[in-house]
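K.L.:
next comes the sequence, and after it the predicted model I'd like to discuss.
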Amino acid sequence: RVEMEAVGTDEVVRARAPFDLIALGSVLQWAEDPAAVLRDLKALTAPVGGTASISGSSPAVAPRLVFTAYLPGTLKEVRELSGNGLPFLTEDGWAQAALAAGWTIERQYAWEEVDLFPTAKHVLRHLSVTGVNGVKSANSEKRGPEGEDREAPKPMTASRLAAFLRDYEDRFATPGGVTLTWRPIAMVLR
């Protein structure tokens, strides 16, 4: 039996635990401490042997966490032009965080996708609509990908925006448009 429900608060999630399966899509890379979140998620899973069965006749399985996140190289075009970006964990970093949280890695996949957009303005519109920009805000912690101190991003003025759009199209143009790179990782933990 499978029950799925989108929930919005930590209290609701904890009240409904334990879970046989937790699935997260593109959420964990936003956490200040992904390893701590992975530990918290481990505490929300059913004991080994849980209540889940596959096809109604298989024995109970170990609880699982399935998630996707992003790796360094994601939005590399934006990082190259702005000099700023999110501190994405590496593949090894995700594996170490999972193991430190008590999970066993069942499967781990990483790949690269390159999207094409007609113009740099289309890239920014896409990032705005999806709520992703890959850039830390001026009010957030000033860390780079390895934790080094970084200068907070400067506000985007009209002249800086025009220069960004021009530079984006100059540097990342291909015959089909301009590129935007994603480096996702998917992990299945038990």
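P.N.:
Sure, I can see it. Small disclaimer: the values here were computed from a predicted structure and weren't measured.
K.L.:
which ones are touching the residue nearest to Ala43 when sequence neighbours are not counted?
P.N.:
The shortest distance from Ala43 to any non-neighbouring residue, by C-beta to C-beta, 6 or more residues apart in numbering, is to Ala17 (7.9 Å). In short, each C-beta sits where N, CA and C put it, glycine included. Listed by C-beta atoms under 8 Å, 6 or more residues apart in numbering, the contact partners of Ala17 are 43-45.
K.L.:
so what does Ala17 have for phi and psi?
P.N.:
phi -70, psi 160 (degrees, to the nearest 10).
K.L.:
ditto for Ala23
P.N.:
The phi/psi pair for Ala23 (degrees, to the nearest 10) is phi -120, psi 130.
K.L.:
residues near the closest residue to it other than its chain neighbours, how many?
P.N.:
Among residues not flanking Ala23 along the chain, Val66 sits closest, at 4.6 Å (C-beta to C-beta, 6+ apart). Applying other C-beta atoms under 10 Å, we find 16 residues neighbouring Val66.
K.L.:
secondary structure element for Val66, which one?
P.N.:
Val66 is part of strand 64-70, with elements assigned from DSSP states H and E.
K.L.:
Phe164: what's it in contact with?
P.N.:
81-82, 120, 156.
K.L.:
and the residue nearest to Ala23, what does it touch?
P.N.:
Going by C-beta under 8 Å, 6+ apart, the list of residues near Val66 reads 21-24, 186-189.
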